[in-house]
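K.L.:
Take this sequence and fold it.
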Amino acid sequence: MPISFLKKSVFFLITTIGVTSVAQGQFFLDRLPSEKLNITAPSKRVEGKPGELNVIDSSCQLYSSSGVRRRIVNIAIQEWGFFGFNVLDQTHQTELSGRNTQRSQLSRLGPSEALRLADSIAGYWSITPDAGWILRRQNGIWNGPNGTAARWRDPWSAAFISWVMCEGGVNEMDQFHRAIAHHVYIDQAIEARVTDTNSAYVAHDVGELPIEPGDLLCSARRAAYRSIADRAQKIGDGIRSHCDIAIKVDETNERVLVIGGNVRGAVRLKLLAATFDDKEESYASVRSVGLGTRTIFAHLKLRAEPITGDALEGSPTIKTLMNSEERFAWLRGRLAF
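P.N.:
Below you'll find the predicted structure:
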């Protein structure tokens, strides 16, 4: 499905059911009913209020492996909507600079939004082995001088990916090692290149295989890896890394759309610059993704049936937004189409 369809789809937004304003000109979409997307909401995995939150459910549901790729994508898109459909454009080098004026426009969550989303973020942590002490430490911070306006002490991007996998049906640790650091499951996928394992993901360099919705794209800054071989020499070492879920390859606009957690404090959709080879085979055309220190060094390929490239347009969340022309300009600006 051409990208022009996405432009039309996301411009027709529903305003009567599940849409809530969070700031002037901004809105979020409530999570969908279970008949449209059956998940355990992260907020249902914890109880209490900020300062007293604790885990009550760390289980992962069992789903058919036949639909795992689409579930992963649909869940990520739903969380993006619940956080307010925030978009971060990283298709130009200047947009990665600390001097970028866009940075001030993409500030972290305000106090009221931070409070609304606290139990959801806590729910992402809930399915990791370290959830207990993470929440105890955060409760202590919330009970401090800044109260519930205090930011999360620990980065939660890997917890978000882990929760999506748990809800998506990749629920066993030997399939996906849920963790508070991305390098744990990156290393698992690298080891799956040379060892016969049950890992749901296998690591590749960008360009080796097609990037499909549901795959993971990972960057590293400390150390600054450029290939799987670089990381393979340091398996097990802690690194500062980040992974996002691929949502769409947009060759027309030379970019890849991904969704990740804890991106400026929220679940955001990012527009990553991409270069393409002049080849007819779409799988071989992606040569690189990302710029500067954000360059993708690892493409974690999901071992699952392929789905069509219009997974974003066809997701339940976007379909829910097709019935009204309200907020046309707002989301159009967010997606930069």
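K.L.:
Contact partners for the residue nearest the centre of the chain?
P.N.:
A centroid search over the chain (Cα atoms, centre = their mean) returns residue 260, at 2.3 Å, as the residue closest to the centre. Going by Cβ atoms under 8 Å, 6 or more residues apart in numbering, residue 260 touches 157, 160, 161, 242, 243, 244, 245, 267, 268, 270. The C-beta positions use only the backbone N, C-alpha and C, and glycine is treated the same way.
K.L.:
now the residue nearest to residue 131 when sequence neighbours are not counted: how far from residue 43?
P.N.:
Spatial nearest neighbour of residue 131, excluding adjacent residues (Cβ to Cβ, 6 or more residues apart in numbering): residue 125 at 4.6 Å. Taking Cβ to Cβ, to the nearest Å as the measure, residue 125 falls 12 Å from residue 43.
K.L.:
And residue 298, by the same measure?
P.N.:
Distance from residue 298 to residue 43, by Cβ to Cβ: 31 Å.
K.L.:
Next: residue 311.
P.N.:
When distance is defined by Cβ to Cβ, residue 311 is 25 Å away from residue 43.
K.L.:
quick revisit: quick check, the residue nearest to residue 131 in a helix?
P.N.:
Yes. Counting by DSSP: H, G, I helix; E, B strand; the rest coil, residue 125 is found in a helix.
K.L.:
coming back round to it: make TSV out of the contacts of residue 260 and add secondary structure and distance to residue 51.
P.N.:
Output for the contacts of residue 260, formatted as TSV (DSSP: H, G, I helix; E, B strand; the rest coil; distance: Cβ to Cβ, whole Å):
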residue	secondary structure	distance to residue 51
157	helix	23
160	helix	22
161	helix	26
242	strand	28
243	strand	30
244	strand	30
245	strand	31
267	strand	23
268	strand	26
270	strand	32
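K.L.:
which of those lies closest to residue 79?
P.N.:
residue 267 (4.7 Å; Cβ to Cβ).
K.L.:
For that closest one, list the residues it contacts.
P.N.:
76, 79, 80, 82, 83, 86, 160, 259, 260, 261.
K.L.:
ok so, going back, more neighbours, residue 311 and residue 43?
P.N.:
residue 311 (23 against 19; other Cβ atoms under 10 Å).
K.L.:
Setting the sequence-adjacent residues aside, check what's closest to the more buried one.
P.N.:
Nearest to residue 311 is residue 213, by Cβ to Cβ, 6+ apart, at 3.9 Å.
K.L.:
The residue nearest to residue 131: neighbouring residues, count only.
P.N.:
28.
K.L.:
which stretches of the chain have low pLDDT?
P.N.:
Applying pLDDT under 70 to the chain flags the ranges 1-26, 94-107, 279-284, 323-337.
K.L.:
From the centre of it, point out the most distant residue.
P.N.:
Quick read of the chain (Cα atoms, centre = their mean): farthest out is residue 145, 31.0 Å.
K.L.:
before we move on, the earlier item: quick check, the residue nearest to residue 131 in contact with residue 134.
P.N.:
Yes. Counting by Cβ atoms under 8 Å, residue 125 touches residue 134, with 5.2 Å between them.
K.L.:
Which residues are in contact with each of these two?
P.N.:
residue 180.
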